[in-house]
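Novice: Compute the structure for the input listed below.
(chains A and B)
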Amino acid sequence: VLKIQYPKEQMHRIRYTKLSGQQIAAKLDAARVGPTCASPYSDALAGQALKIVCDDGLVLEYDFDRHNRLSLSQSSAGGSGPSGSGGAGSASAASGTAHTRAAYGALTLGQIVLFSHLVPGTQNGYQVIIDRGNHLATVFEVWFSGYTDNREVQREIHYGYVETTGDAAPKARHALTNRLEGKGFHWTQDTGIETLEIYPSVLYSTFVELTRLGGELCFCGPSDYVRLDDDLYVYSRVEAEFSGTLTLYVLALNEGRQIGVRLGFNASDALEYYMFTGNGTSVGQLAFFEPFDDDGEKIVMGGNRPAAQRKGERPVYRPLLTSPAMTHEQVEAAVARKTVLFGPPTGMAASQLPESAFLVGKQFTLRYDDDGPALQYRVDEPTQLRWRREGESAWHSETYRAWEPAPGVIFFAHLLSGTARHDCVAVAVDFGNGLTTCVHGMLGTPYMANEASRKTWFGIIDIEGLTPPQYLRHRFTDELVGRTLTWHYAPGLTSMHVYTTPYSYSWIIFLPNDAGGLEWSGPAQYVKLRDDLYLFNWLEEACNGTLGVLVINTRLMHDCGIDYHCGQDGLRIGAVGARARNAGRFDLRRFYGPKQI
Amino acid sequence: MRRETAAGTARTGTGPQPHTLERRSFLRGAGAALSASLASAAMVAVPGSADAASARAAGQIDAQRSSRPDRLALLQDTQEIVTLHRRYGAALNEERYEDMVDLFADESQVYFNGGIFAGKRRGVRRLYVEHFGARASEPALTLTPVHRLLLDVPDAREIIEVSADRRAATARFGCLMQVEAALDLRGARACSLAEMARQQGQGMVCWWEGGEFENTYLREAGVWKIQRLVYSATASGLARVHAMAQAIAGRGGQRPRGMTAFSKVYPQEPRGPDALIS
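Specialist: Just a heads-up that it's a prediction; the model follows:
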């Protein structure tokens, strides 16, 4: 019987080995035979000699034989070898003119040739894209051991052309682009591997590994988008903060085809170096927000970001660098030192809905199914309530905040003081339908003591004068999956949510020209409260550990909610609120759920 | 001609009382020479006198005339103050904050965003070098705004007055100011959005506003220096310049909003003022 092989750990939970330079050099030795490929290689280059001249001084002179072997002579003005590429065998690939022989693989897509090879004796390689029609060339120089995590592939893009005897150098060049921004594809490689790949940014992309990881969660990686012509593009991403693997391909929009290469070390530290072909289906196109005359040839960073200091440097969000994991003792000390419940509003709360006093004067019990608790409430003030578990005699007083995101639907949240894991509850109560859903947050996971985890309970309201339903409940939904909304919190603080899978989502921060910028993702849950009203929660796992809980009203295009977080600066629950705009929708829901075996 | 104390005093209600002297006013631009002429003419108005005293009065007039500053010298003073203001703007725009400090007198003050920064090498330097200058290296610290760019906006309200003894002056300059402040994200470690924005070189809000300097100057070792600088955003200016600001700033411009004023003084606030404006 065939089985879906779900991984024991999702990508963000895998403790990838910090490979040394020597280990990487040894593993790359296995690639002397060149990349493998499930499809036949092209012989388009066999017997050819090419001289690729790049604008930054890199010159690559190739002689290709008829057995997927090449001879390379390379030089660069100013020595463009990878900086910081330490480790054994990591000598600069582009500082000399010595001839190097290497195995290569080549694939074609129309007039485009993509060929890939490593440089033996180094940790470097080239992925070269040539347009045989206009002789333009784009070279992705790649190398290992160029970052703290040696296994993370680094890259530098060189733009140039193939020198043709007797012809003047072409003036045009391939260039960075935003013309892929907002697109998404379902790809099936010749290996049988299926992915969903979404390009909502000019710096990053989202990918869902339907085959490798079972399609539960989406992940993000720093990415490049290069325009070859209106139909043909180069896309690359590095799984930074994960395996560090490079995926690069040329895609043809009209045909829905790809040719590509994958280079890196998998979770077992085995080298993956293969080329692939694939077929793709568009899953949609989002809006994108740059000025209409901006084609994205230049990435516009904020003025406070220093200029790149090293070759290949680019913005990469590395959440654990800024929010390192804490121990249980550190968490306890931080909570004791400072706990802030609904403190002064921050930028994240600048657009919040008005607080509601709906609950004031009410007494009720929220009863949750499936061994969930029964929580009794007495609400005396707009910001203070009392609660107790059914059967308890003493009441607990808590600071709370409440909002009314739709008529008769109240969302409120508070800490459960005195609990061992500093629990909180974020509760949606529908007084119109007698239903409630509670997201119960608590600190600590097997991975990080300051990382929140959560349970979600469905139940009913027990209050005088209201008879709740016996079978009807709020339920998890995939109605939002594929939908994309921008969220404006405050000036300078706008993001876009891509509700990518039923169990995760990704968020993108806009650059100064409103192009999509840095992106990250986390596990999420979607609960339908009413038509166009959803309770959404997410966990910033392997990140800063935040649990966020929101009620999204897609009629108002406004949300309300909280974030619950513990870090070095203590424990806090803060209000969140933003206004939404519709950015489009991908057709994604059909790719999820149990498969027909 | 007007007679007045330093323009900023009325606005703030605090600060030293500089020279209360007859001043010659100069409208900048095409009318400057005419204004200088009229001002000088006003200065020579003499109280009426009896014939018997006419000789003595004439002698006084002669003495007064001989002590009256040369019109050309007054124009030169005016031009030097304009140049000093231009140098202030250029240094700000080029982020030469130490150079900005050098434009101030030893015992100078800056009134900015609810605070008073006193002393050239103390408060004034703290404001420009430590507060404004920290913007690039530690932008998250600049919750209270910093000035980024200054564009001179000559208008009819501008006035420069030089004291009769040419030792002091007051001036009022309009401007268009680009202001920047970090997003107020207390507890920002909880907020990946803010952190990601910061890593993109953002996490700041930036806007243009109409502003006004009402400064006093004194001559120190023969060189005009800023004795007191009072900057305030002008409500009327905001409306007036907003369209212009949008044209300049394009999509990056955001509508001005309330600033976070200084609420603590140095050293409790390491980059803060020496006193708060009451």
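Novice: what's around the residue in the stretch 1-150 of chain A positioned nearest to chain B, how many residues?
Specialist: Of all residues in the stretch 1-150 of chain A, residue A:12 sits closest to chain B, at 13.6 Å by C-beta to the nearest C-beta. All C-beta spots, glycine's among them, are computed from the backbone N, C-alpha and C. Neighbours of residue A:12 under the rule other C-beta atoms under 10 Å in any protein chain shown: 19.
Novice: Then it would be within a helix, right?
Specialist: Yes. Under DSSP: H, G, I helix; E, B strand; the rest coil, residue A:12 sits within a helix.
Novice: That one contacts residue A:542, doesn't it?
Specialist: Yes. Between residue A:12 and residue A:542 a contact is recorded at 4.2 Å, counting by C-beta atoms under 8 Å.
Novice: Can you work out which residues contact both of the two?
Specialist: The contact sets of residue A:12 and residue A:542 overlap at residue A:241 (C-beta atoms under 8 Å, 6 or more residues apart in numbering or on different chains).
Novice: What count of nearby residues applies to residue A:291?
Specialist: By other C-beta under 10 Å, the residues close to residue A:291 number 10.
Novice: How about the one 10 residues further on?
Specialist: By other C-beta under 10 Å, 21 other residues sit near residue A:301.
Novice: Please apply the same query to the one 5 residues further on.
Specialist: Residue A:306 is flanked by 10 other residues according to other C-beta under 10 Å.
Novice: What mean pLDDT does stretch A:186-205 get?
Specialist: Here stretch A:186-205 scores 97 as its mean pLDDT.
Novice: do the same with stretch A:35-50
Specialist: What stretch A:35-50 shows for mean pLDDT is 97.
Novice: got the contact list for that stretch?
Specialist: In contact with stretch A:35-50 (C-beta under 8 Å, 6+ apart) are residues A:60-66, A:68, A:70, A:103-108, A:113, A:115-117, A:130, A:132, A:162, A:189-191, A:261, A:263, A:273-277.
Novice: Now which of those would you call buried?
Specialist: Neighbour counting with 16 or more other C-beta atoms under 10 Å in any protein chain shown marks A:60-64, A:68, A:70, A:103-108, A:113, A:115-117, A:130, A:162, A:189-191, A:261, A:263, A:273-277 as buried within the contacts of stretch A:35-50.
Novice: Which of the residues you listed fall in strands?
Specialist: Judged by DSSP state E, these include A:60-64, A:70, A:103-108, A:113, A:115-117, A:130, A:162, A:189, A:261, A:263, A:273-277 as members of strands.
Novice: give me the subset of the residues you listed touching chain B.
Specialist: By C-beta under 8 Å from any C-beta of the partner chain, no member of these lies near chain B.
Novice: show me where the stretch 51-200 of chain B has strands.
Specialist: Counting by DSSP state E, counting those that start in this stretch, the stretch 51-200 of chain B has strands at residues B:104-112, B:115-118, B:146-152, B:159-163, B:168-182.
Novice: With the stretch 201-350 of chain A instead?
Specialist: Under DSSP E, counting those that start in this stretch, the stretch 201-350 of chain A gives strands at A:204-209, A:219-227, A:232-238, A:246-252, A:257-265, A:271-285, A:339-341.
Novice: and the last one, is it in reach of chain B?
Specialist: Yes. Judged by C-beta under 8 Å from any C-beta, strand A:339-341 comes into contact with chain B at residue A:340.
Novice: Save the strands of the stretch 201-350 of chain A as TSV, and put in distance to residue A:588 too.
Specialist: Conversion of the strands of the stretch 201-350 of chain A to TSV gives the following (distance: least, C-beta to C-beta, whole Å):
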stretch	distance to residue A:588
strand A:204-209	8
strand A:219-227	15
strand A:232-238	18
strand A:246-252	18
strand A:257-265	19
strand A:271-285	6
strand A:339-341	37
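Novice: Nearest to residue A:31 among the ones you listed would be which one?
Specialist: For residue A:31, the closest of the strands of the stretch 201-350 of chain A is strand A:271-285, at 4.9 Å, according to C-beta to C-beta.
Novice: Give me the phi and psi for the closest residue to chain A within chain B.
Specialist: Per C-beta to the nearest C-beta, residue B:201 is where chain B lies closest to chain A, at 2.8 Å. Note on residue B:201: backbone dihedrals following degrees, to the nearest 10 are phi 80, psi 20.
Novice: Can you give me the neighbour number for it?
Specialist: 19.
Novice: can you tell if the worst-scoring helix or strand of chain A on mean pLDDT touches chain B?
Specialist: Here the helix or strand of chain A ranked lowest by mean pLDDT, DSSP states H and E is helix A:319-322, holding a mean of 89. Yes. Residues of helix A:319-322 contacting chain B under C-beta under 8 Å from any C-beta: A:319, A:322.
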